[in-house]
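Engineer: Let me see the structure of the following:
(chains A and B)
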Amino acid sequence: MNEREELMAVEASRRLTNDTVCFVGIGLPSTAANLARRTHAPDCVLVYESGTIGAKPAELPLSIGDGELAETADAVVSVPEMFAYWLQGGRIDVGFLGAAQIDRHGNLNSTVIGPYDAPKVRLPGGGGAPEIATSCKQVFVMLKQSTRTFVEQLDFRTSVGDNVRVVVTDHGILEPRDGELTLTHVHPGVTVDEARAATGWDLNVADDVSETEAATDEELRALRALRTKGER
Amino acid sequence: MARTSLSEAVRSLVRDGDAVALEGFTHLIPHAAGHELIRQEKHDLTLIRMTPDVVYDQLIGMGCARKLVFSWGGNPGVGSLHRLRDAVEHGWPRPLELEEHSHAGMAAAYAAGAANLPFGVLRGYRGTDRPPPATVTCPFTGEELAAVRALRPDVGVIHAQRADRHGNVQLWGILGVQKETVLASARSFATVEEVVDELEPRPGAIVIPHWAVDCVVEAPHGAHPSYAHGYYERDNDFYVRWDEVSRDRDRFRAWIDEHVLSAKVAA
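Structural biologist: The predicted model follows:
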């Protein structure tokens, strides 16, 4: 994990509180949520779509269905129950999503590059994303910023951006203002022009754009102590 | 219910052209059963699975499938399924028709199948380029909701930790959609890590009664490289290595020859 990825995890974790129930995917979102649990939000509830509610893994899982998630969970439920009772039931505060493409409204594509019926690249697909995007009260997106990813026009809309509250990138932070994702923070060492150049549309920049607070020593220590299962 | 061999279970329950669901959400994926489908050269199958991972990559790469019904098709924590991609992007070894859902939609379709209802209902698919298969208006509130046709596989296949000598099947840990799969399917079988005299109660475990499953097969290690909670862990290295093996058509075929077709299996 390089410094910018570390700051992505730290910035996302700062937005979780002790009261947050969050739906977590593998990768940076899982890192961010577990970091929050080890720093300022020990009671933050981690829900993985495999059915584990309140998982407290000692190591970062490699998959959303690792055994340790079930062993440490407050409850383990079936997949139909997870999506019907807990997600659709309105019990989840924050859902994390990633994607291959995002547009200025926070709509996401994780389905195909190219036309659906003759794709250039067939991606894994939406999985839980379409309903995570609409059933969670807030959606946090974590995505590295480039013109390939931040596009004017999605090849396919896998999920809708209505509930996206923040997009944490390796360049800065985007938040919706007047119906469009707007650059509100740049990370230390990144310029607004660099963030613009990494965006495939004419990026709105907030008048009060400011610098992201650097990761503290405590945050970095806790983050670097997180190990992925199997790593030595 | 009968206790039988894996080859006999597949021979007697799975026909060419069937809609077959092998379920297990990361945990308890019935890999051994999938390999037997390959050995018996089952073809024109409609393969149903929420998260087609390595086992479906293998079946698709061997040309067993005509159609895939799914909601997320990747190698968890690693990346793409290269055999699935090759079939969709280049039609190799044969074209593959896709029926794509979201997890919530597919889970609702299984639950409807288990409940013997014609369709499942959910608040879903909103604002996406994949509109719901149909919509239905709530007769009480007037709300328009997404409707998904019930999944009714010809054959449902699951892997579980244990069965007793009567064939009652017990599983615990992450339960996925296995109970719904068995109950939604016209025929079903379970492979298990071990057959014991009596099942001991376990926290969080479910039991599928023997009369709801056609047969039970003892297949130790039958979920590998997936895992069986309490028996063995997920072989994460295998999933990483599969990315390499499956990228190349010849290397993939050689792997199947060595590890599936030449494998000794009890008759």
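
Engineer: Let me know the helix or strand that residue A:133 is in.
Structural biologist: helix A:129-135 (DSSP states H and E).

Engineer: Buried residues of stretch B:69-83, list them for me.
Structural biologist: Judged by neighbour count (16 or more other Cβ atoms under 10 Å in any protein chain shown), stretch B:69-83 contains these buried residues: B:69-78, B:80-83. Every residue, glycine included, has its C-beta placed from N, CA and C.

Engineer: measure that stretch end to end?
Structural biologist: 16 Å (Cα to Cα, to the nearest Å).

Engineer: Let's test this: mean pLDDT of it, rounded?
Structural biologist: Here stretch B:69-83 scores 94 as its mean pLDDT.

Engineer: hang on, residue A:162 packs against residue A:137?
Structural biologist: No: judged on Cβ atoms under 8 Å, residue A:162 makes no contact with residue A:137 at a distance of 11.4 Å.

Engineer: And for whichever residue of chain A sits closest to chain B, the neighbour number?
Structural biologist: Using Cβ to the nearest Cβ, the single residue of chain A nearest to chain B is residue A:65, 2.3 Å away. Neighbourhood size, residue A:65 [other Cβ atoms under 10 Å in any protein chain shown]: 29.

Engineer: next one: residue B:183
Structural biologist: 18.

Engineer: tell me which strands and helices the helix or strand hosting it is in contact with?
Structural biologist: If you go by DSSP H and E, residue B:183 is part of helix B:178-184. Here helix B:178-184 touches helix B:103-114, strand B:155-164, strand B:187-196, strand B:206-208, going by 3 or more Cβ pairs under 8 Å, 6 or more residues apart in numbering or on different chains; DSSP states H and E.

Engineer: so residue A:83 touches residue A:131, yeah?
Structural biologist: Yes: Residue A:83 is within contact range of residue A:131, at 6.5 Å (criterion: Cβ under 8 Å).

Engineer: residues shared between the contacts of those two?
Structural biologist: B:103-104, B:122 (Cβ atoms under 8 Å, 6 or more residues apart in numbering or on different chains).

Engineer: okay, residue A:26: pLDDT?
Structural biologist: 81.

Engineer: From the structure, what's the count of residues near it?
Structural biologist: Residue A:26: 21 surrounding residues under other Cβ under 10 Å.

Engineer: my guess is it contacts residue B:78, does it?
Structural biologist: No: checked against Cβ under 8 Å, the pair residue A:26 and residue B:78 is beyond contact range at 9.9 Å.

Engineer: pLDDT weak spots in the stretch 51-200 of chain B?
Structural biologist: Applying pLDDT under 70 to the stretch 51-200 of chain B flags no residue at all.

Engineer: and it, which of its residues are near chain A?
Structural biologist: Contact residues, the stretch 51-200 of chain B versus chain A (Cβ under 8 Å from any Cβ of the partner chain): B:51, B:70-74, B:76-77, B:80-81, B:84-85, B:88-89, B:100, B:102-105, B:107-108, B:110-111, B:122-130, B:173-177, B:179-180.

Engineer: at 6 Å instead, please
Structural biologist: B:71-74, B:76-77, B:85, B:88-89, B:102-104, B:107, B:111, B:123-129, B:173-177 (Cβ under 6 Å from any Cβ of the partner chain).

Engineer: Which ChimeraX command selects the buried ones in those residues?
Structural biologist: Restricted to buried positions by 16+ other Cβ under 10 Å, the ChimeraX selection for these reads:
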select /B:71,72,73,74,76,77,85,88,89,102,103,104,107,111,123,124,125,126,128,129,173,174,175,176,177
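
Engineer: so of the residues of the stretch 51-200 of chain B next to chain A, which ones are in strands?
Structural biologist: residue B:74 (DSSP state E).

Engineer: quick one, helices of chain A?
Structural biologist: Secondary structure of chain A (DSSP state H): helices at A:3-14, A:28-38, A:67-72, A:79-81, A:129-135, A:192-197, A:217-225.

Engineer: and those, which is most packed in?
Structural biologist: helix A:129-135 (a mean of 27; mean count of other Cβ atoms under 10 Å in any protein chain shown).

Engineer: Show residues contacting that helix.
Structural biologist: With contact meaning Cβ atoms under 6 Å, 6 or more residues apart in numbering or on different chains, helix A:129-135 is reached by A:23, A:87-88, A:95, A:97, A:139, A:158-160, B:102, B:104, B:124-126, B:128.
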